[in-house]
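Q: Generate a structure from the sequence data that follows.
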Amino acid sequence: MLEIGTTLRDARERRGLDLAECERATRIRAGQLRALEEGRFEKLPEPPYVRGFLRSYARLLGLDAERLVAEYDRLLGQDQRLSEHDLQPLPPPERPIDALRRGLPRPRRPRRPGRAAALRWMSVGAIVVIGVLAWTGLSGHHSSPPETRPSSRLVPRPPAPTAPRPAQRPAATAAPLLAVTGLPPYGSYLEVRRGGADGEAVFEGTLAPGSARRWSVAHPLWIRVGWTPSLRARVSGRPVALSGGTANFLVVRDGVRPQ
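A: Numbering: from 1, shown residues only. Next up is the predicted model:
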């Protein structure tokens, strides 16, 4: 059985390298490299990031990267194996569906209107028609032409003077925004600093799938992405390309530059 941590540490010591030099070469934090060498995988991010760390570190030390990743997947499978107790069948329903249907009330049929009700409505309609005809006949004998009155001439009034509108000031140009969104299945680790790698820390953590963050780019932002395929970035609404797996970038007004 291959010991991942021992293999990495022995290879680094044979080459005479320290963790600080390996951090500059792989862009992986020294604390994360130490966790790999000590086999403390629970201190590291999600499994996709650990596989990327193993590949980068193994290539730097001249080791078989795929063999180390395969050994990590074997250890990961043993930790996440389900027991038979977690896969019990569901109990049957207490009452069958046929019994539930028999307990429902039956819908009632709508009643049809009787013959007597139809005759009453016909009588009412005939009375209304006769009354309308009689009223129109009487009004025709006594109608007289309407009186006409001379129309008065209207003089249009001059429009009221309007006050001049104040000149509108041009709106201030807003600073562009950096918007990032985590993508399934695991999201991505993200670190954001103002100005550069040694600037003020703005955010550090794992951006879960579907979650989003935004920052103003009035000044340049330095970002470190744990796994670029699991992160989507936009600057002022325009998508920007992030590539390189675990990589650093500088975000400015016109886009993103690799660091």
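Q: how about the strands in this protein?
A: 177-182, 188-194, 201-207, 212-216, 221-225, 231-235, 238-240, 247-252, 255-258 (DSSP state E).
Q: so what strands line up beside the fifth one?
A: Applying DSSP bridges, strand 221-225 is found paired with strand 188-194 (antiparallel), strand 247-252 (antiparallel).
Q: quick one: the last one to strand 231-235, angle?
A: Translated: strand 247-252. Orientation check (axes from the mean of the first three to the mean of the last three CA atoms, to 10 degrees): strand 247-252 against strand 231-235 gives 20 degrees.
Q: Just want the angle from strand 247-252 to strand 177-182.
A: Using the same axes, to 10 degrees: strand 247-252 against strand 177-182 is 150 degrees.
Q: Could you give me the buried positions within strand 247-252?
A: 247, 249-251 (16 or more other CB atoms under 10 Å). Quick note: C-beta positions are derived from backbone N, CA and C, even for glycine.
Q: for those, which one is nearest residue 22?
A: Lowest distance from residue 22 to the buried residues of strand 247-252 (CB to CB) belongs to residue 247, with 16.5 Å.
Q: Hmm, residue 258 and that closest one touching each other?
A: Yes: when contacts are counted by CB atoms under 8 Å, residue 247 is listed as touching residue 258 (6.5 Å).
Q: for residue 193, what are its contacts?
A: By CB atoms under 8 Å, 6 or more residues apart in numbering, residue 193 lies in contact with 199-202, 221-223.
Q: Tell me the bridge partners for it.
A: Where residue 193 sits in a bridge, its partners, by DSSP bridges, are residue 201, residue 222.
Q: do you know how far it is from residue 20?
A: Applying CB to CB, to the nearest Å, the value for residue 193 to residue 20 is 19 Å.
Q: now do residue 205
A: Distance, residue 205 to residue 20, by CB to CB: 24 Å.
Q: Could you do residue 52 as well?
A: Counting by CB to CB, the gap from residue 52 to residue 20 is 20 Å.
Q: Comparing the two, which shows the higher neighbour count?
A: residue 52 (20 against 10; other CB atoms under 10 Å).
Q: Show the model's pLDDT score for that one.
A: At residue 52, the model reports a pLDDT of 95.
Q: partner residues bridging the closest residue to residue 227 other than its chain neighbours?
A: Excluding the flanking residues, the one nearest residue 227 by CB to CB, 6 or more residues apart in numbering is residue 188, at 5.0 Å. Beta bridges link residue 188 to residue 207, judged by DSSP bridges.
Q: and if you look at residue 179?
A: Under the criterion used here (DSSP bridges), residue 179 is bridged to residue 214, residue 234.
Q: Burial check on it, number of neighbours?
A: Counted with other CB under 10 Å, residues neighbouring residue 179 total 16.
Q: Touching, it and residue 217? I think so.
A: No: with contact defined as CB under 8 Å, residue 179 does not reach residue 217; the gap is 10.3 Å.
Q: list the residues that contact both of the two?
A: Shared contacts of residue 179 and residue 217 (CB under 8 Å, 6+ apart): residue 235.
Q: Show the pLDDT at residue 16.
A: For residue 16, the pLDDT comes out at 95.
Q: please begin residue numbering at 248 from this point
A: In the new count, where the first residue is 248, that last one comes out as residue 263.
Q: Near it, how many other residues are there?
A: As a burial measure, residue 263 scores 7 neighbours (other CB under 10 Å).
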